[in-house]
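Peer 1: Build the 3D model from these lines:
(one chain, ligands or ions: 1)
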Amino acid sequence: MRNVHVHRHPGRSLRPASLRAAALAAVAMTAVVLGGCSSSPGSSNATSSSAATVAAPGTANSGNITWWASPITSSGADPRTVLVTAFEKAYPDIKVKLISAPTDTDTNRATLTTQISGGAGPDVYMGDVIWPAQFAAHQLADPLSKYLPASYFGTFAPGLVAGATYKGQVYGAPFFEDQGFLYYRKDLLAKNNMKVPTTWEELMTDSRTIQSKGEAQYGYVFQGASYEGATCNFMEFLTDAGGAVLNKDSTSSAVNSAAALKALKFEQELVTSGVSPKAESTYQELQSMNEFSAGKSVFLRNWDYGYSTSQAAGSAVVGKVGVAPMPTFGGESTPGYSNIGGWNLYVNPHSQNVAADLTFIKWMTGNDAQKILATQFSEIPTNQAVRTSADVIKSNAVLAVVPQTKLVPRPAQTPFYPQVSTAIYTNVSAVLAGSKTPATALKDADSAINSALSGGGL
Ligand code: GLC
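Peer 2: This next block holds a predicted model:
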């Protein structure tokens, strides 16, 4: 299997073999954990399902389709309209109506599931990489492998298609990949003779030094609100500390552990020490991004687009931002873990023009669209040819760091994942808000996860 996370980027040394092995393991784990399926249609072997494709209903080169997508970035040009305009130029007889979806992935999913279960909804929707199991189990997405051949799925970076697969069928076309990154203020670190922190402890100490000199109000801004993003951030602290959410065969919770306690106590200390804002328990991506772009924080945890957004017009930190892999706890092997996120394109089972939907999806995952996403919006492309192109890597500060990242997926292989994640983020956020102790929060999360896995959460 090719390892997509190892780019032969000119002028960069290759990552150490141990890191490569860890990344490979993480990709393999994503395949199993995200997709719940160990055979990847993205690999060279065709799956049995994609071998027997059927013709998609409708007309491939004309018609009107609706596209449901949340804003991909939070300032600067809107990638969705840039892409739709370019698509309509390539296919003048297909008109795409963009429907702006809610930014919060949970609200987005809830709105969409209500519409689709009611027999309505958009033709194509941009949906989270954590949705396939739930959406497949509830017939909320049309399996794309019904219509598209294995050669199409072979154009993606390894691991991604497996993540969009449930019980042998591929439900989503990988559109862009997200990973957690550490953004830092180059100017402030240089002024203080500090290197980019590789441990959480170092990040805490450096933050306090810089804050005490009045050079920044906050040290670290991240996502701690009671929503999916808090699960992503917790996954990183938890895995750094050596813990996991579920046991090995994903049958029960493993979250009430010493490692999880260490992780959550650290998150709590970020807030109680003032390194992170008092209001961290209300921060989604937008709030943390805004603080950082306003020059108020030394460090930010955010996804790929954080780089281009920090450099967009109106930002106070243009030219002052660096990007690095996440830190880990002292004594652990560096770097820390980055959670895998990202978005796929799905087809609504009620769509009347699946052929045009597929034309749109193929274009969006092809060279032109993927290049736009990667070079203009610092997204990680899913298309392997674009992702490994030296020109693209050169123009995307985030992509250049990808070879060093160590990935951890969320345990989204179960249709009960929304309940599992709710158990995590409500409790983590309660700790950040000061309304629960870390020990109580983990006990509560543990029993809520076990009840979700037994079907009690539905
Ligand atoms: C990003 C990720 C997505 C994640 C969400 C959480 O959009 O791509 O996977 O669920 O953030 O806020």
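
Peer 1: Just give me the neighbour total for A452.
Peer 2: 21 (other C-beta atoms under 10 Å). Heads up, the C-betas are built off the backbone N, CA and C, glycines and all.

Peer 1: show me the contacts for it.
Peer 2: A452 makes contact with F416, Q419, V420, T422, A423, L458, according to C-beta atoms under 8 Å, 6 or more residues apart in numbering.

Peer 1: pLDDT weak spots in this structure?
Peer 2: Where the chain drops to pLDDT under 70, the residues are 1-51, 456-458.

Peer 1: Centroid-nearest residue for it?
Peer 2: In the chain, the residue lying closest to the centroid (C-alpha atoms, centre = their mean) is G341, at 1.6 Å.

Peer 1: what's the spacing between that one and A355?
Peer 2: 30 Å (C-beta to C-beta, to the nearest Å).

Peer 1: Could you tell me which residues of the chain lie near the ligand?
Peer 2: Counting by C-beta under 6 Å from any ligand atom, the chain comes close to the ligand at 105, 128-130, 178, 228-229, 232, 285, 303, 341-343.

Peer 1: at 5 Å instead, please
Peer 2: Applying C-beta under 5 Å from any ligand atom, we find that the chain lies next to the ligand at T105, D128, D178, E228, G229, G341, G342.

Peer 1: Okay, buried residues for stretch 105-124 please.
Peer 2: Neighbour-count burial for stretch 105-124, with 16 or more other C-beta atoms under 10 Å as criterion, is recorded at T105, D106, N108, R109, L112, T113, Q115, I116, G121, P122, D123, V124.

Peer 1: And those residues, which two are furthest apart?
Peer 2: Using C-beta to C-beta, the two most remote members of the buried residues of stretch 105-124 are D106 and D123, lying 22.7 Å apart.

Peer 1: Tell me what the residue in the stretch 51-200 of the chain that the ligand sits nearest to is bridged to.
Peer 2: Residue of the stretch 51-200 of the chain nearest the ligand, by C-beta to the nearest ligand atom: D178 (3.5 Å). Listed beta-bridge partners, D178: G341 (assigned using DSSP bridges).

Peer 1: so it makes contact with N344?
Peer 2: No: D178 is beyond contact range of N344, at 11.5 Å (criterion: C-beta atoms under 8 Å).

Peer 1: So the two - more neighbours on which side?
Peer 2: Between D178 and N344, N344 has the larger neighbour count (other C-beta under 10 Å), namely 30 against 22.

Peer 1: Could you count how many residues lie near the closest residue to T59 other than its chain neighbours?
Peer 2: Excluding the flanking residues, the one nearest T59 by C-beta to C-beta, 6 or more residues apart in numbering is A355, at 5.6 Å. A355: 19 surrounding residues under other C-beta under 10 Å.

Peer 1: if I look at A355, how far off is the ligand?
Peer 2: 28 Å (C-beta to the nearest ligand atom, to the nearest Å).

Peer 1: residues in contact with N256?
Peer 2: Contacts of N256 (C-beta under 8 Å, 6+ apart): L442, K443, A445, D446.

Peer 1: what about 10 Å?
Peer 2: The contact partners of N256, by C-beta atoms under 10 Å, 6 or more residues apart in numbering, come to G243, A439, A441, L442, K443, D444, A445, D446, S447, I449, N450.
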